[in-house]
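Asker: A structural model of the following input is requested.
(one chain, ligands or ions: 1)
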Amino acid sequence: MTDRNQLLFDRAKTVIPGGVNSPVRAFRAVGGTPRFVQRAQGAYFWDANGQRYIDYIGSWGPMILGHGHPAVVEAVQKALLDGFSFGAPTEREVELAQAIIDLVPSLEMVRLVSSGTEAGMSAIRLARGATGRKTIIKFEGCYHGHADSLLVKAGSGLATFGNPTSAGVPPEVVQHTLVLEYNNVEQIEAAFAEHGADIACVMIEPIAGNMNFVRASVPFVKRIRELCTQHGALFVFDEVMTGFRVGLGSAQGVYARLIPGFEPDMTVMGKVIGGGMPLAAFGGKRAVMEQLAPLGPVYQAGTLSGNPVATACGLATLKEIQKPGFFEALSAKTRSLVDGLKAAATAEGVPFSTDSEGGMFGFFLMPELPQNYATVMKTDGSKFNTLFHGLLDRGIYIAPALYEAGFVSAAHTDEDIATTVAAAREVFKQLA
Ligand SMILES: *Cc1c(COP(=O)(O)O)cnc(C)c1O
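Answerer: Numbers count the residues shown, from 1 in each chain. Coordinates of the predicted model:
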């Protein structure tokens, strides 16, 4: 049988660099031929050969309801007929901004944009503009989109500034970005002791999903909150992945339950709020947000921002996840998946640790959950690749790289979970 995935990939490579429009799709980390998706419905997608897969990526998080949810499809179809884009304000933008603010108490205002990268980049510009400071702090292993100043890895020592991780980013562009170790309280204290008066913001993935799945510890989040308040820096939660994915209150809701009164100063959202369409947002307190043009001196704009079809898709998605019991059911389902995988690995003698929150999960082929990027990177890559391909061969699609989180949708059935666990157990036999 001709492999249409391979034919398409060969053709793609002649017209698109690497054959893909975002690098992780190319399967470089795991080898093999990327699956070209033909269509998707519910918890499944079908590739160019007509092969069905249980989908645990869900477009890297947005498809929390599963693919093609009828209420979302209807809202999008209806919006489409009224026009694709106007470059003038619409009612749905106001409704979506209101819906986001109503669900996340730390937000008083939001601005809508089209991608998580754009939202993160704009949040940093605003944090710098609002504080009049230059320095930003990020953590190793956290991804905040591909803006120049964020494509940076730690320098040679603590409190030295970072080095670019991409060609095309001059060192001067990252000279105000400090990269620290995730969950390291002493380092953040030292950084504030040395640079406190220059720090505009600390940006974090509160539950990091771009180094598989690593939670910021409660003492770590609490200490950053104290230091930011004390030094007048803004604490920015990048919830592009976790926003409305780990719970209705997002990750900040999870931390507010553990740290009474906790709130970040600014929040970056994406993925779920667009329901699969290009839509993202950044927001915070009124006084900070009013520094944005046209009210204030911080410039930010977008031709397609708040797109009328994307806002319809996002609104319909947010409406569904607010139905009673939605997150309880999603969390239980996700929990049953990771518990099942853990039991299967244990039965076959494979070291395994796992964690989940709401509809987001991660697992590691190591006995204990890592607390930072360096430890995540100790995962055995060849074992992960065996697991990835073993599952793929059995019709189960997980992220094609070990440093990515996984996602369960409301459309996954108990049977899908059972099928996945049974397939994983077969593959674990090979790994033991
Ligand atoms: C996906 C992601 C981004 C970037 O969003 P894009 O829409 O891909 O630009 C930023 N931050 C986090 C935490 C993400 O998961």
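Asker: which pLDDT value belongs to the spatially most central residue of the chain?
Answerer: Nearest residue to the geometric centre of the chain (C-alpha atoms, centre = their mean): M241, 2.5 Å. Here, the pLDDT recorded for M241 equals 98.
Asker: so who does the closest residue to it other than its chain neighbours touch?
Answerer: Nearest non-adjacent residue to M241, counting by C-beta to C-beta, 6 or more residues apart in numbering: G209, 4.2 Å away. For every residue, glycine as well, the C-beta is placed using N, CA and C. With contacts defined as C-beta atoms under 8 Å, 6 or more residues apart in numbering, G209 is in contact with 61, 241-242, 360, 362, 404-405.
Asker: just the closest of the residues you listed to the ligand, please.
Answerer: M241 (3.5 Å; C-beta to the nearest ligand atom).
Asker: can you confirm the closest one is in a helix?
Answerer: No: assessed with DSSP: H, G, I helix; E, B strand; the rest coil, M241 is coil; it does not lie in a helix.
Asker: change the start of the numbering to 35 and stick with it
Answerer: With 35 as the first residue, the last one maps to M275.
Asker: give me the phi and psi for it.
Answerer: In terms of degrees, to the nearest 10, the main-chain angles of M275 are phi -90, psi -40.
Asker: isn't it up against M303?
Answerer: No: assessed by C-beta atoms under 8 Å, M275 is found out of contact with M303, at 9.6 Å.
Asker: contacting residues for the closest residue to G117 other than its chain neighbours?
Answerer: Excluding the flanking residues, the one nearest G117 by C-beta to C-beta, 6+ apart is P342, at 6.3 Å. Counting by C-beta under 8 Å, 6+ apart, P342 makes contact with 113, 116-120, 124, 126.
Asker: distance of P342 relative to A113?
Answerer: 6 Å (C-beta to C-beta, to the nearest Å).
Asker: quick one: average pLDDT of stretch 196-209?
Answerer: On average, stretch 196-209 scores 92.
Asker: how about low-confidence regions in the stretch 285-434 of the chain?
Answerer: Applying pLDDT under 70 to the stretch 285-434 of the chain flags no residue at all.
Asker: next, give phi and psi for the residue of it found nearest the ligand.
Answerer: Using C-beta to the nearest ligand atom, the single residue of the stretch 285-434 of the chain nearest to the ligand is G304, 4.8 Å away. Dihedral pair for G304: phi -170, psi -150, per degrees, to the nearest 10.
Asker: then L146?
Answerer: Dihedral angles (degrees, to the nearest 10) for L146: phi -90, psi 140.
Asker: on that earlier part again, overlap in contacts of P342 and A113?
Answerer: Joint contacts of P342 and A113 (C-beta under 8 Å, 6+ apart) are R126.
Asker: close to the ligand: what parts of the stretch 85-234 of the chain are there?
Answerer: 149-151, 154, 177-179 (C-beta under 6 Å from any ligand atom).
Asker: which residues of the stretch 285-434 of the chain fall in helices?
Answerer: Secondary structure of the stretch 285-434 of the chain (DSSP state H, counting those that start in this stretch): helices located at 320-323, 342-355, 360-381, 407-410, 415-427.
Asker: the fourth one close to the ligand?
Answerer: No: using C-beta under 6 Å from any ligand atom, helix 407-410 never reaches the ligand; the gap is at least 13.9 Å.
Asker: identify the residues contacting that helix?
Answerer: 173-175, 215-216, 245-246, 248, 398, 404, 436-437.
Asker: need the residues you listed in a markdown table (columns: neighbour count).
Answerer: Shown next, in a markdown table, are these (neighbours: other C-beta atoms under 10 Å):
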| residue | neighbour count |
| --- | --- |
| F173 | 28 |
| E174 | 20 |
| G175 | 24 |
| E215 | 18 |
| Y216 | 27 |
| M245 | 25 |
| N246 | 26 |
| V248 | 28 |
| F398 | 23 |
| P404 | 22 |
| L436 | 24 |
| Y437 | 23 |
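Asker: make sure L212 is actually in contact with A224.
Answerer: No: counting by C-beta under 8 Å, L212 does not reach A224; the two are 10.4 Å apart.
Asker: domain map for the chain?
Answerer: Segmentation of the chain into domains, based on automatic domain parsing, reads 38-102+358-465, 104-355.
Asker: okay, the ones you listed, which one's buried deepest?
Answerer: Across the domains of the chain, the average number of neighbours (mean count of other C-beta atoms under 10 Å) peaks for domain 104-355, which reaches a mean of 20.
Asker: start to end distance for it?
Answerer: In domain 104-355, first residue to last residue: 14 Å (C-alpha to C-alpha, to the nearest Å).
Asker: what is the mean pLDDT for stretch 235-255?
Answerer: 97.
Asker: pretty sure the residue of the stretch 285-434 of the chain closest to the ligand contacts M311?
Answerer: No: assessed by C-beta under 8 Å, G304 is found out of contact with M311, at 10.9 Å.
Asker: and the residue nearest to the centre of the chain, how far from E142?
Answerer: Taken as C-beta to C-beta, the span from M275 to E142 is 23 Å.
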